[in-house]
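Chemist: Next come a sequence and a model predicted from it.
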Amino acid sequence: MGSESNSMPKVVSGDFGYTLEDVPHFSDYIPDLPTYANPLQDNLAYSAVRQYFVDYDDTVAQKIVVHKDTPRGIHFRRAGPRQRVYFESDDVHACIVTCGGLCPGLNTVIREIVCGLHHMYGVKRVLGISGGYRGFYSKNTIALTPNTVNDIHKRGGTILGTSRGGHDKKKIVDSIQDRGINQVYIIGGDGTQKGAAVIFEEIRRRGLKVSVAGIPKTIDNDIPVIDKSFGFDSAVEEAERAINAAHVEATSHENGIGLVKLMGRYSGFIAMYATLASRDVDCCLIPESPFYLEGPGGLFEYIEKRLKENGHMVIVIAEGAGQDMLSESLRSSNQQDASGNKLLEDVGLWISQRIKILLT
């Protein structure tokens with residue numbers, strides 16, 4: 001995606017240790033922008049209930065549990081509809097792009113953006129960018145309307161297609177500028193959002209009135225200050241099926257061990273929630289809780305104890321767990337995928353080999 005974003009976070013300090021880490025906005029570099037009444041206030045469906053808008057000064061605390069003498073700490077800008085907006089509905093030309101790996105719910109997110117813009121804000125022009133970031137300058141676009149996205153939530157994958165890797169930020173912004181796009185909705189994970197920040201920096205450099213909204217895509221549920229990331233529930237449901245299958249295998253053999261490695265990168269939410277849902281798991285290993293193999297209280301001691309008691313067991317391990325225990329010869333040497341994420345070593349294969357050695 002070219003050079004990394006060099007923008008510093010907008011930090012606002014207040015009394016009693018209050019710190020706001022704000023998001024960049026085009027009003028930072030375009031002064032005296034006019035604002036307009038939010039179309040929601042005239043929307044019949046919205047006005048039928050108590051109208052609710054997020055105040056400009058509303059923020060969300062990073063840490064919920066505090067003590068009476070604890071400083072107020074870091075806060076983030078609260079999302080939600082404002083009473084005043086920076087675009088008139090007829091002037092909005094929006095686009096949506098999906099990048100990176102697949103995730104359950106991608107088509108649902110696309111559908112809700114299109115339908116929300118159309119029915120709630122009166123926006124009629126929405127483009128779908130095909131094939132990820134490179135689609136801005138090398139692929140065709142798709143006109144998105146409530147009719148065209150009506151049933152897409154019933155399909156897997158993404159109707160827009162996707163790709164990984166960095167692409168030419170200048171060509172992307174050239175395409176945005178040439179097409180007259182002024183709202184860009186980018187759905188993707190870590191690498192995608194880094195790319196979104198770089199795109200916004202180029203937009204800022206050109207002084208364009210273009211809004212870039214990053215929508216985080218991760219089944220790992222590893223985003224602070226939100227309740228749940230889309231795709232997480234489906235991931236847990238599928239993981240539970242794998243655990244149930246491993247339990248059947250383990251109980252069918254003497255001293256059988258079912259080992260299930262689950263996704264999650266450096267977080268153990270999928271492994272933990274699937275373990276709680278299954279109730280057949282004897283040991284759940286996650287990155288947030290370090291463990292060791294040998295000695296009193298180690299994993300091997302627990303395996304031997306459990307096999308002696310039950311004659312079988314099921315182990316669930318998150319892919320990011322135990323990475324520090326892998327020998328230097330097995331590590332990935334800081335290799336990265338096309339999105340810039342560090343490649344993790346296969347801890348499931350490694351620990352299964354160690355368990356086989358233990359039991360032979």
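Modeler: Perfect, I can see it now.
Chemist: first to last residue in stretch 219-229, what's the distance?
Modeler: 7 Å (CA to CA, to the nearest Å).
Chemist: in that stretch, what's buried?
Modeler: By neighbour count on 16 or more other CB atoms under 10 Å, the buried set for stretch 219-229 is 219, 220, 221, 222, 229. Quick note: C-beta positions are derived from backbone N, CA and C, even for glycine.
Chemist: List the contacts of the second one.
Modeler: Applying CB atoms under 8 Å, 6 or more residues apart in numbering to residue 220 gives the contacts 229, 232, 235, 263, 264, 265, 267, 269, 270.
Chemist: Narrow those residues to those in helices?
Modeler: Among the contacts of residue 220, DSSP state H puts 232, 235, 269, 270 in helices.
Chemist: gap between the closest residue in space to the second one that isn't next to it in sequence and residue 356?
Modeler: Okay, so that is residue 235. Nearest residue to residue 235, sequence neighbours excluded (CB to CB, 6 or more residues apart in numbering): residue 219, at 4.0 Å. Computed as CB to CB, to the nearest Å, the residue 219 to residue 356 distance reads 30 Å.
Chemist: and if you look at residue 56?
Modeler: Residue 56 is 60 Å from residue 356, by CB to CB.
Chemist: now do residue 84
Modeler: Taking CB to CB, one finds residue 84 at 64 Å from residue 356.
Chemist: quick one on the thing from earlier: which ChimeraX command selects the buried ones in the contacts of residue 220?
Modeler: A single ChimeraX command selects the buried members of the contacts of residue 220 (16+ other CB under 10 Å):
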select :229,232,235,263,264,265,267,269,270
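Chemist: and which of the ones in helices among the contacts of residue 220 is nearest to residue 63?
Modeler: For the ones in helices among the contacts of residue 220, the residue nearest residue 63 by CB to CB is residue 269; the value is 18.4 Å.
Chemist: need the contact list for that closest one.
Modeler: Residue 269 makes contact with 220, 221, 222, 232, according to CB under 8 Å, 6+ apart.
Chemist: quick one, what contacts residue 287?
Modeler: By CB under 8 Å, 6+ apart, the residues touching residue 287 are 264, 266, 267, 268, 318, 320, 321, 323.
Chemist: which residues of the stretch 51-200 of the chain fall in helices?
Modeler: Per DSSP state H, counting those that start in this stretch, the stretch 51-200 of the chain carries helices over the ranges 106-115, 121, 135-138, 169-179, 190-206.
Chemist: Now tell me which of those the model trusts least on average.
Modeler: Ranked by mean pLDDT, the helices of the stretch 51-200 of the chain bottom out at helix 135-138, which scores a mean of 88.
Chemist: Now it: buried residues?
Modeler: So for helix 135-138, counting by 16+ other CB under 10 Å, buried means 135, 136, 137.
Chemist: Tell me the helices and strands packed up against it.
Modeler: helix 169-179 (3 or more CB pairs under 8 Å, 6 or more residues apart in numbering; DSSP states H and E).
Chemist: got the angle between the helix it packs on and helix 190-206?
Modeler: Relative orientation of helix 169-179 versus helix 190-206 (axes from the mean of the first three to the mean of the last three CA atoms, to 10 degrees): 60 degrees.
Chemist: Which elements pack onto helix 169-179?
Modeler: strand 93-98, helix 135-138, helix 190-206.
Chemist: list the buried ones in it?
Modeler: In helix 169-179, the ones that count as buried by 16+ other CB under 10 Å are 169, 172, 173, 175, 176.
Chemist: if we can go back for a sec, can you list the helices and strands packed on helix 169-179 in TSV and add distance to residue 160?
Modeler: Shown next, in TSV, are those (distance: least, CB to CB, whole Å):
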stretch	distance to residue 160
strand 93-98	5
helix 135-138	8
helix 190-206	13
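Chemist: Could you look over those and pick the most buried one?
Modeler: Most buried of the helices and strands packed on helix 169-179, by mean neighbour count (mean count of other CB atoms under 10 Å): strand 93-98, with a mean of 25.
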